[in-house]
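Engineer: For reference, the sequence and a predicted model appear below.
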Amino acid sequence: MRQIKRALLGGLLSAILLITGCSPFVENNTIEEIAPVIFWFIKDGGEGKLNISTLVPPLIKEKKRLLSKNVELLKQGGKEFNLVYYRELKNGQLRMILINEELAKKGILSMIDTLLNDPNISQRLYVAIVDGNFSDYINSQLSQQANLDYFLYRMFKHYEDKHQGEMSIVNLHQFKNKLYTPFSDPILPVFKVDKNNFTYQGTAFFRHDKLIGKINKIDDEILQLINNDHYLKLLPLPELSVSIDHVRGNTYMKLNQDYSSLSFIVHLSGRIDEYRGNKNLHDYEDFLALNHEINAFLKKHTVDLLKKMQEWKVDPLEVGKHTLRPFKKSMSEKEWSNYWSKMNINVEYQIDLDPLKNMNQ
Amino acid sequence: MRSLSIFNKSSTFDGIYVILMVNRLQLLYYFFILPMYLVYPYMIWGIIVMGVLSQFNIMLFSKWFSSVTSPKDYQGFVKLFGEPTVRIFAFLGWMIILVKITIITLSYIEIVHQFIFPGMNMNWLIFFIFLLTCYIAGHGMEKTIRFVVISFLLSVWMLLLFIPFYIPPIASLQDLLPIIPTEWPKDLWNKLVFLWSCYSGPELLVFMLPWLSPEQKILKYLTIANAFSVMEYVIVFVASLFFFGSNYLLISEFPVINMIRYLQSPVTERLDMIMISIHMIHFAFAASIFKLFLYGGARIVMGTWNKPSTLIGFMASCSLIFVCTIIVKETLWMEGTEENIGLMVEIGLGALTYLLVPSFLLMASKRRRRV
């Protein structure tokens, strides 16, 4: 008797919901009718507009094509794609957001906020700066590489997960966190793109949400060494005809009392992996001389890198955090910026390298 | 008319139920918004200090509980205060519980609405929750109290989710600096009241005295529950400081859920959905036990406590809550928690009742002994 009553009650309830047409669930998620979006490329569309592109369909065996729209609002772009494509595109799988460099110079906070606010979009969304027009690259590669977008995502993920310190991969949350944390400025990776290549170029520094400068090659490698993962799988120094592998750098920073100078000490250990110069590394004197050269070389470039940061008034290394004390009021960011831009910097490298074994004289 | 056995009593509950109930009632909704209110790293001390003060309050309460003259059921209260006074108190309590259940329901629904069903009309959600809690409460006081075990076991593991935030590189100790305040924030009082309100919950035991076994060492159990709540609050708050840093915390709504969203799982990306859904069990426990309090309170106010409880009475009392929730939602409720009047009222009421109830009861029974 009780069960019958319950069944009746349940049936009645669902009938009320269904028949009257006021089903509370208004969105359609039928899997055949939707397609996930893997990346968005955003560039300046002129006149304050954004030009947003994506590749459809992702991960389905169907001919791919690039959709591109000129829109005022980011989410408007997402909606307009649906008007030209037969499936509904959902942002739930959005994995990468690639922003054109010119646009990044104007500030990207509004985009970051929009994406962070959407509960469907993961906060682990990768953000990267692209120097060049990514759509050209996609268009020219469409016929040559299947699943291009997915491969790019795998690359980002690989370099994030393994912490190999070769690319500065940054996600949405990290960007926003650094933006709001005092004494730290956000960074993003920069990729150079043309018709045929999509290559990692270096790291872009941001002041607030605007791109202010970028570094590449040796500067970027040093940044990885002293900031990001403190580890490089390989550090080639072509100027000295030497490459070092498994390089580990531990950084110690010390500010003096009145914040007028910073001593910056890097303990660096690694193994000489290749040498093409004309020193005899079996000779202790020569080995020391090479060590000395490497030391001077790294020191010079580190000083240059720090000088650049001072010039741009950015502090991605979070040097300012060393002024924080448990019992002391922290200074304002503006105050710190003044100190930072005028600070004297002493860089010191303490190098501990294993010599090259098994080599011909 | 068919009578219900809602308030029947076949056995009493011992310490473990007290621990679980008090702990869950303390943690209810505030768990999600605590970091947003506290913001500054040195408020860790605030959590701890308020936890210690709450411990003093608990000592008062347990002193009253274990004193010989303390009443153990409705008749005892009538002997102590006289029937008209008890009915006035019951009415006050009834109002407070009504406000509490309304606001807690709306707060929880707001989270569900924002993170899981943004396209859904909130009234539907309120309706579904209403059905669920009616079902649980309909099983009577004893089964609802037993339900706390399920609620506890299902929600306590969420603490483990916060461990990854303690591990670098997300965590850096500098996020906790300055650990000693250099200047007090302007609305420190608000924060302290909020924290005090976070620990309110033990006073609700007054409504279920007949179901608690009288000869237990209640102080021990309440202390364990309180200490566990302190620990949970500290764990969550420190994790959110590591994750957001205090400046970013200042602008993020529902920080705890946003933190969970950042975690990765190979099975599902939306861990927050699972967490919110599981929190529903926790919420359902609180809402259904409040429903029972309300019905009981209404019966005392109307003077029908000694008559058997009826289905119609129970349903009427539940429907009143539903109607009340819808009205509040349609008129007063503002989404976005910072300036939400409803939440302010709830925080204030929670703090006030927790402050007054134990000391008042203790005083009353002292006076009685002297007379």
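Structural biologist: Nice, thanks for sending it over.

Engineer: pLDDT (mean, whole number) over the helix or strand encompassing B:Y221?
Structural biologist: Under the criterion DSSP states H and E, the helix or strand holding B:Y221 is helix B:218-244. The pLDDT scores in helix B:218-244 average 93.

Engineer: same check, this time on stretch B:289-298
Structural biologist: Stretch B:289-298 carries an average pLDDT of 92.

Engineer: Contacts for that stretch next, please.
Structural biologist: B:6-7, B:21, B:90-91, B:93-94, B:97-98, B:100-101, B:104, B:133-134, B:137, B:140-141, B:144-145, B:204, B:207-208, B:305, B:309, B:313-314, B:317-318, B:320-321 (C-beta atoms under 8 Å, 6 or more residues apart in numbering or on different chains). Quick note: C-beta positions are derived from backbone N, CA and C, even for glycine.

Engineer: Follow the chain on from the helix or strand A:K300 falls within and name the next helix or strand.
Structural biologist: When elements are defined using DSSP H and E, A:K300 is found to belong to helix A:284-312. Toward the C-terminus, helix A:284-312 is succeeded by helix A:333-342 as the next helix or strand (DSSP H and E).

Engineer: Where does pLDDT dip in chain B?
Structural biologist: By pLDDT under 70, the weakly predicted segments of chain B are B:1-4, B:335-339, B:370-371.

Engineer: Which positions in it make contact with chain A?
Structural biologist: Proximity of chain B to chain A is assessed by C-beta under 8 Å from any C-beta of the partner chain, with B:114-115, B:117-121, B:124-125, B:172, B:174-175, B:177-180, B:182-183, B:243-245, B:247-248, B:251, B:258, B:261-262, B:264, B:269-270, B:272 identified as the residues in range.

Engineer: in the stretch 1-150 of chain A, which spans are strands?
Structural biologist: A:34-36, A:39-46, A:49-56, A:65-71, A:88-90, A:96-100, A:126-131 (DSSP state E, counting those that start in this stretch).

Engineer: Out of those, which one sits most buried?
Structural biologist: Scoring the strands of the stretch 1-150 of chain A by mean neighbour count under mean count of other C-beta atoms under 10 Å in any protein chain shown gives strand A:126-131 as the most buried, with a mean of 24.

Engineer: give me every residue that touches residue 101.
Structural biologist: Looking at chain A here, since you left the chain open. Counted by C-beta under 8 Å, 6+ apart, A:E101 has contacts A:I129, A:V130, A:D131, A:V190, A:A204, A:L211.

Engineer: My question was about chain B, not that one.
Structural biologist: B:A287, B:F290, B:K291, B:L294, B:I321, B:T325.

Engineer: any idea which of those is the one closest to chain A?
Structural biologist: B:T325 (16.4 Å; C-beta to the nearest C-beta).

Engineer: ok, now which ones touch the closest one?
Structural biologist: Under the criterion of C-beta under 8 Å, 6+ apart, the contact partners of B:T325 comprise B:I101, B:T102, B:T105, B:L106, B:I126, B:F130.

Engineer: From A:F327, how far off is it?
Structural biologist: Noted for B:T325: a distance of 48 Å to A:F327, by C-beta to C-beta, to the nearest Å.

Engineer: same for the helix holding B:Y221, what does it pack against?
Structural biologist: In terms of contact count using 3 or more C-beta pairs under 8 Å, 6 or more residues apart in numbering or on different chains; DSSP states H and E, helix B:218-244 is assigned the packing partners helix A:172-180, helix B:15-27, helix B:30-38, helix B:43-66, helix B:255-262.

Engineer: would you turn the ones you listed into TSV with distance to A:S14 and mean neighbour count?
Structural biologist: Below are the helices and strands packed on helix B:218-244 laid out as TSV (distance: least, C-beta to C-beta, whole Å; neighbours: other C-beta atoms under 10 Å in any protein chain shown):
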stretch	distance to A:S14	mean neighbour count
helix A:172-180	40	21
helix B:15-27	32	22
helix B:30-38	31	22
helix B:43-66	45	19
helix B:255-262	30	22
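
Engineer: Minimum distance to B:L343: which of the ones you listed has it?
Structural biologist: helix B:30-38 (8.2 Å; C-beta to C-beta).

Engineer: Kind regards, and thank you for your time.
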